[in-house]
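**Student:** Take this sequence and fold it.
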Amino acid sequence: MALVSMAGCKKVPGGGGMPNVPGSDKVPGGLGGSSDVDPNSCGNYAVSDAGRKLKAFLSATKDLQVTTEETAKIVKQSCIMMGNELGMTDADYTGETKDICAKVWGVIDNNMKVVIKSKAALKIKYKPAVCKVNVDFQAKAAAECEGKASADVGATCSGTCRGKCEGTCAGKAGTGGNAGSCDGECKGTCRGECEGHADVKASAQCKASASVKAQAEMQCTEPELDIALDAKLVVDKSKAEATVKALKAGLPKLLSVKARLEPLKYAVEAWVTAAKELKSAGPQLAQSFKDQAMCISGQIAAAASMIGNIQANVSVSVEVSASASGSVGGGA
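**Tutor:** Just a heads-up that it's a prediction; the model follows:
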């Protein structure tokens, strides 16, 4: 499989890091960040129904901030690691993540044009990573937040349900009917694993909390990537080998990030909906907590102020990892 141009990465918007991404602890540098959100700062407010849901949301907010920052950090540092193999220096790594990645892709694209006679010189074998969300775990998390039984927040799977489908299943192993085994699209309640993202019937705050928890616990396989160089189609062997080393250094982590982003994107969407809803209801909701009103109001405002940063980190992660996937024929 020939390498596809990665110039599209130049359109990537700015961003900032990925827990559970293998090797993330070994990646140098990265962005930091702190938040004023603290679910434990307002006393015993979680004893009420509204308080329990709010605390679950605030806890998810802190977790989501860390996850999105770490995800964007991996994206940025993967580009830098590729740049290092290409002979780039710290002076080349100024600006936002989009700028750094654009410079790296630019060098790679130029090498592809100048030092390789044909794109066929690079033979790429690629098997994408696969991530699965535990649907039952997500349903349980939502139920605990709502104060209900898991069955009352029945989870659905947007993607491939691998488990039992209480409804109609269209797939290789689907038997349909009530609680039939499924390995395909489930139109109904899915129990087991979901390759894609799961949804639950819950309030905005509980849906956000459950989605954030589920994506943090998802299980992923590693992408398989092998790149071979055909010396007969190379003009400059040294630069060609450097290009291959660069791709091998950065692409695996970017491809791993891409697989993890489907549940993360959904979690962010659910969280943003809840944050905006809370911001709108803020004053009235805060007053219901009486003596804790001022503290609660501050927590809601702090959470809402994080929307832009969280969305920006996810956006840059999506764009760069999609370009990386497209470069090896994995689609965008």
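**Student:** chain center to the lengthiest strand in the chain, what's the gap?
**Tutor:** Counting by DSSP state E, the longest strand found in the chain is strand 180-199. In terms of Cα atoms, centre = their mean, to the nearest Å, the centre of strand 180-199 is set 20 Å apart from its chain centre.
**Student:** What strands line up against that strand, and which way round?
**Tutor:** With DSSP bridges as the test, strand 180-199 is paired with strand 131-134 (antiparallel), strand 156-171 (antiparallel).
**Student:** List the buried residues of it.
**Tutor:** Neighbour-count burial for strand 180-199 flags 180-186, 188-199 (criterion: 16 or more other Cβ atoms under 10 Å). Every C-beta, even on glycine, is put in place using the N, C-alpha and C of the backbone.
**Student:** How about stretch 224-237?
**Tutor:** Neighbour-count burial for stretch 224-237 flags L225, I227, L229, V234 (criterion: 16+ other Cβ under 10 Å).
**Student:** now stretch 253-263
**Tutor:** In stretch 253-263, the ones that count as buried by 16+ other Cβ under 10 Å are K253, L254, L255, S256, V257, K258, A259, R260, L261, E262, P263.
**Student:** Ok, stretch 108-120 next?
**Tutor:** I108, D109, N111, M112, V115, I116.
**Student:** How far off centre is that stretch?
**Tutor:** With Cα atoms, centre = their mean as the basis, stretch 108-120 stands 31 Å off its chain's centre.
**Student:** mind exporting it as PDB, just the C-alpha atoms?
**Tutor:** C-alpha atoms of stretch 108-120 as PDB (Å, rounded to 0.1, in the frame of the first residue of the first chain):
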ATOM      1  CA  ILE A 108       7.700  14.400   4.900                       C
ATOM      2  CA  ASP A 109       5.800  15.400   1.900                       C
ATOM      3  CA  ASN A 110       8.800  17.100   0.400                       C
ATOM      4  CA  ASN A 111      10.900  14.000   1.000                       C
ATOM      5  CA  MET A 112       8.300  11.900  -0.700                       C
ATOM      6  CA  LYS A 113       8.500  14.200  -3.800                       C
ATOM      7  CA  VAL A 114      12.300  14.600  -3.900                       C
ATOM      8  CA  VAL A 115      14.000  11.400  -2.500                       C
ATOM      9  CA  ILE A 116      11.600   8.800  -3.700                       C
ATOM     10  CA  LYS A 117      10.900   8.000  -7.300                       C
ATOM     11  CA  SER A 118       7.400   6.700  -6.700                       C
ATOM     12  CA  LYS A 119       5.100   6.500  -3.700                       C
ATOM     13  CA  ALA A 120       5.200   2.700  -4.300                       C
END
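**Student:** Can you show me the strands along the stretch 101-250 of the chain?
**Tutor:** Along the stretch 101-250 of the chain, counting by DSSP state E, counting those that start in this stretch, strands occupy 122-127, 131-134, 156-171, 180-199, 219-220, 224-229.
**Student:** Quick check: which helices or strands does the shortest one pack against?
**Tutor:** By that I understand strand 219-220. Packing partners of strand 219-220 (3 or more Cβ pairs under 8 Å, 6 or more residues apart in numbering; DSSP states H and E): strand 131-134, helix 237-287.
**Student:** tell me the most buried of the ones you listed?
**Tutor:** Across these, averaging neighbours per residue (mean count of other Cβ atoms under 10 Å) puts strand 131-134 on top, at a mean of 23.
**Student:** List of residues touching that strand?
**Tutor:** 162, 193-198, 214-215, 217-221, 259-260, 262-263 (Cβ atoms under 8 Å, 6 or more residues apart in numbering).
**Student:** try stretch 53-65
**Tutor:** With Cβ under 8 Å, 6+ apart, stretch 53-65 has contacts from 33, 35, 37-39, 45-46, 144-146, 203, 205-206, 208-209, 211-213, 216, 267-268, 271, 274-275, 278, 285, 296, 299-300, 303, 306, 309-310.
**Student:** and with 6 Å instead?
**Tutor:** 35, 37, 39, 46, 145, 205-206, 208-209, 212, 271, 274, 299, 303 (Cβ atoms under 6 Å, 6 or more residues apart in numbering).
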